[in-house]
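Visitor: With the sequence up front, the predicted model follows.
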Amino acid sequence: MGHPQIAAFARLANGGAKPVRAIAGQNTLFTRTIHDMAYDPVRDEILVPSFYAFAILTFRGDANGDVSPVRKIFGPSTQLLNPQAVSIDAVHGEIFVPQGNQVLVYPRDSNGDVAPVRILQGPDTGLGAGRVTIDAVHDLLITANATGGEGGVNRSGRPAGIRIFDRKANGNTRPLRVITGPGAKDAWLMTTNPANGMIFAVVRPGNTGGPNGDDIEGRFAPEDYVGVWSIFDDGDVPPRLTIGGPNLLLKDARGIAVDPRRQDVIVSDKTLNAVFRFHVPEAFN
Amino acid sequence: MAHLVRAWRASRMIRFLVLIAVGWIATRAVLSGGSGAVRKRAARQTKVIGSDRLVSVEPLAETDGQMCVPESVAASPELIASLRQENLLSAQRQTASPLTALLRQQRSGSTGAAAASIPPRPGNSVKSQVAARKPVSTIRDPRNAFAGLAIDPIRNEVVIAEENNFSLLVYDRLENTPARAALSEPKRMIQGEKTFLEYACSVYIDPETGNIYGINNDTLNWMTVFDRDARGNASPSRKLHTPHTTFGIVADEDKQELLMTIQDDHAVVTFKKNAKDQDAPVRLLQGPRTLMADPHGIALDSKTGLIYVTNWGTNQERKYDVPWRYGKVNWPVGRNNNIPGSGKINPPSITVYHKDDKGDVAPLRVIQGPRTGLNWPTSIAVHPDRGELFVANDTADTVTVYRTDSNGDAVPIRVLKGPRSMIKNPTGVALDLKNNELWVANFGSHSATVFPVDAAGDPVPRRVIRSGPVESPSPMLSNPHTIAYDSKRDELLVSN
């Protein structure tokens, strides 16, 4: 993958549309594939994890071209380690970075070599935290950890499933609820719609590349989908709705976003190299 | 007296006037007494006279902030968010107030009530309809996106590594897409599930056999080798397990070895050229002294035996005294040994080593600094006879040329850049040493452009191979991983 970037497309973009702008270049400090990002609607900023530099980069919302971040959380005190994911609580002004068996929390204005203000970690948490999303209305911190393997654990041996914590959870805290089952154990990137308390997660069941990501069999099967759960779901429950599949379209779903105003769900697919927009009012009512 | 009473009863006008007077007196009494009560008790005050409610007074809530607050319930949360932080929370909480109450019930232990109020699950009919629903829009570039290339001057072909459709494309070396044509069709196309190709970024052609070696940078950790005539959904004739994030490849034909850069591990690994399956590397160049940082391109000067590696600049510290990964000798130490908080940010560079260097060896020279013009240096080629290095700078839209003996903050001896050159997000460069031509793969313009090897400035390409119309937009999507909705601009953010 030769060219990392963050490209901005018009809402109605379709086909081989040209982005209206793109952030890319030496000054951005981007590295390889950008596995997650977050948009802060309060500050109008974009947050991006830097996988190699162990940094959380913050850009202006209208950033374009080879621009430097306006802030970066970076240095030995940060405890950042190959950060792949990031989430923003735009209401309470906090940045959440899931990192294996822990979630690091920083104030939004952090810049430079700052320590996290909270760390959620410990045996009672049950983490696995591959991804995290925040529901600021219901004060919830939600983690996901896809298996990519067997036995309810992921490749790193960490438990799979969607875990719902109090937003301010700190230290060795038990989750309020844990959603398990065939869909939740394969949930990966997530977002929420706090207005109706729904969690939207890409679900990548089946063969996701084998132990080392090198298997080909089943790689192109349209097994993936977007699963929708309620923040009140608990235990072994299937998703309330599935979007884009299974066995319909999505082959290797990656990113997920929602447009509550239009009641749309947007999902990207790596194998199809495409971004799809679905109109799903049923998921927003 | 009786007369007066009768007169009063008889006069409707007098009765009306008296009623007005009584009403006025009563109103004054209520207002004068009520205002103090409002201040003191801040409660609803009502006086009733007879059966009619004449006056009702309700005090305004005390305020110490702005009087005109945004309409919080009906307006979109995104709009409110752009206005004030606390208003966002207020609006979202009002919108979600039934759910908030439910959550409080659950936390307080009244789970029975909560369970009864949990949003009902949709029926099977609704679920089926939603699952089968097709997207209303799809952003996808149907055209081939050229990432890397290699020239076969013996057979007069060029092979292009293509990322958008996971393919290797073979064109005639002299192919030149006519200006009015939409695109040139490749002579052969290797693509499909059996090929083990995903995000092929670099390619090498065996000069003796014409076999094609493809490097997958992401999601599939294989180098695939295809017979020269392979086409379609062909299985590789052999494949080699390579470290995750292998990017560049160069061959040492004298020693029959393949050298590859590894982004994640900031390393160069060397395999025997005929290695396959789970064979281990024969050499490893890795460690902090190497100064490698997110290495991409690699080139070998066959005259001097030096290798040149382009680095984007970020890396980190890791523990190196660990067992060989997968039990394979010379397999690079992986990122699982990284040290928290040890990330480094350096300027881009070209580091120079001898091709036989191994272990944690310092570079012989480092080309690095603001005058170099390096900007995401993604691919590199060397012209041994001319003593020149050619570097593709992705986000500078340039090819910069240096002397092979350059060192430090070296100014390029030539720069190719400009609209006539069609160089746009170049991610691949290759040299045809037989025909003295420079090839550039332009990821940002669906094209490969060919120049004389000594071209400079903004030259018109000698030939162009296009995979789409000249003006066709290029979204440059490649492994679109994460997305976000920019509610302020009503835009969709998509990251590669």
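Guide: Happy to help now that I have it.

Visitor: Identify the spatial nearest neighbour of the residue of the stretch 251-400 of chain B found nearest chain A, chain neighbours not counted.
Guide: Closest approach of the stretch 251-400 of chain B to chain A (CB to the nearest CB) occurs at B:Gly343, with a separation of 3.0 Å. For glycine as for every other residue, the C-beta is placed from the backbone atoms N, C-alpha and C. If the residues on either side of it in the chain are set aside, B:Gly343 comes closest to A:Phe54, at 3.0 Å by CB to CB, 6 or more residues apart in numbering or on different chains.

Visitor: And for B:Ile215?
Guide: Nearest to B:Ile215 is B:Ser202, by CB to CB, 6+ apart, at 4.2 Å.

Visitor: picking up where we left off before, list the contacts of the residue nearest to B:Gly343.
Guide: Contacts for A:Phe54 (CB atoms under 8 Å, 6 or more residues apart in numbering or on different chains) come out as A:Phe74, A:Thr78, A:Leu80, A:Leu81, A:Asn82, A:Pro83, B:Gln316, B:Asn338, B:Pro340, B:Gly341, B:Ser342, B:Gly343.

Visitor: which one of these is nearest A:Phe278?
Guide: Closest to A:Phe278 out of the contacts of A:Phe54 is A:Pro83 (29.3 Å), distances taken as CB to CB.

Visitor: how about the nearest residue to the closest one, chain neighbours excluded?
Guide: Leaving out its chain neighbours, A:Pro83 is closest to A:Pro49 (CB to CB, 6+ apart), at 3.9 Å.

Visitor: Could you report the neighbour count for B:Val329?
Guide: 11 (other CB atoms under 10 Å in any protein chain shown).

Visitor: The nearest residue to it once chain neighbours are set aside: how many residues sit nearby?
Guide: In this structure, B:Val329 finds its nearest non-sequential neighbour in B:Ala280, 5.1 Å apart by CB to CB, 6+ apart. Counted with other CB under 10 Å, the neighbours of B:Ala280 add up to 17.

Visitor: which phi and psi does B:Ala280 have?
Guide: In terms of degrees, to the nearest 10, the main-chain angles of B:Ala280 are phi -90, psi 160.

Visitor: Report the contact partners of it.
Guide: By CB under 8 Å, 6+ apart, the contact set of B:Ala280 is B:Lys328, B:Val329, B:Asn330, B:Trp331.

Visitor: partners of the host helix or strand of the residue nearest to A:Pro83 in the sheet?
Guide: Here A:Pro49 sits within strand A:45-50, counting by DSSP states H and E. Take DSSP bridges as the rule and strand A:45-50 pairs in its sheet with strand A:38-40 (antiparallel), strand A:55-60 (antiparallel).

Visitor: So for it, what gets flagged as buried?
Guide: For strand A:45-50, burial by neighbour count (16 or more other CB atoms under 10 Å in any protein chain shown) applies to A:Glu45, A:Ile46, A:Leu47, A:Val48, A:Pro49, A:Ser50.

Visitor: Now for the second one: which residues touch it?
Guide: Same thing as A:Ile46. A:6, A:23, A:37-40, A:58-61, A:63, B:484, B:486, B:493.

Visitor: Out of the buried residues of strand A:45-50, which two sit at the greatest distance?
Guide: Once CB to CB is applied, these give A:Glu45 and A:Ser50 as the farthest pair, at 15.4 Å.

Visitor: Neighbour-wise, which one of the contacts of A:Ile46 leads?
Guide: Neighbour counts for the contacts of A:Ile46 (other CB under 10 Å) peak at A:Ile23, which has 28 neighbours.

Visitor: what sits opposite the closest residue to it other than its chain neighbours in the beta ladder?
Guide: In space, and not counting its chain neighbours, A:Ile23 is closest to A:Ile6: 4.4 Å by CB to CB, 6+ apart. Beta-bridge partners for A:Ile6, by DSSP bridges, are A:Ile23, B:Ser495.

Visitor: A:Ile6 and A:Thr33 touch, don't they?
Guide: No. Counting by CB atoms under 8 Å, A:Ile6 does not reach A:Thr33; the two are 11.5 Å apart.

Visitor: domains of chain A?
Guide: A:1-10+A:18-92+A:102-108, A:122-285 (automatic domain parsing).

Visitor: what's the least confident stretch among these?
Guide: Mean pLDDT is lowest for domain A:122-285 among those, at a mean of 89.

Visitor: First-to-last residue distance for that one?
Guide: Its first and final residues considered, domain A:122-285 spans 37 Å by CA to CA, to the nearest Å.

Visitor: So which residues on the stretch 251-400 of chain B come close to chain A?
Guide: Residues of the stretch 251-400 of chain B lying near chain A by CB under 8 Å from any CB of the partner chain: B:263-264, B:293-294, B:312-316, B:335, B:338-345, B:347-348, B:374-376, B:378, B:394-396.

Visitor: Only whichever of the residues you listed are buried, select them in PyMOL.
Guide: Buried subset of these, written as a PyMOL selection, criterion 16+ other CB under 10 Å:
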select buried, chain B and resi 263+264+293+294+312+313+314+315+316+335+338+340+341+342+343+344+345+348+374+375+376+378+394+395+396
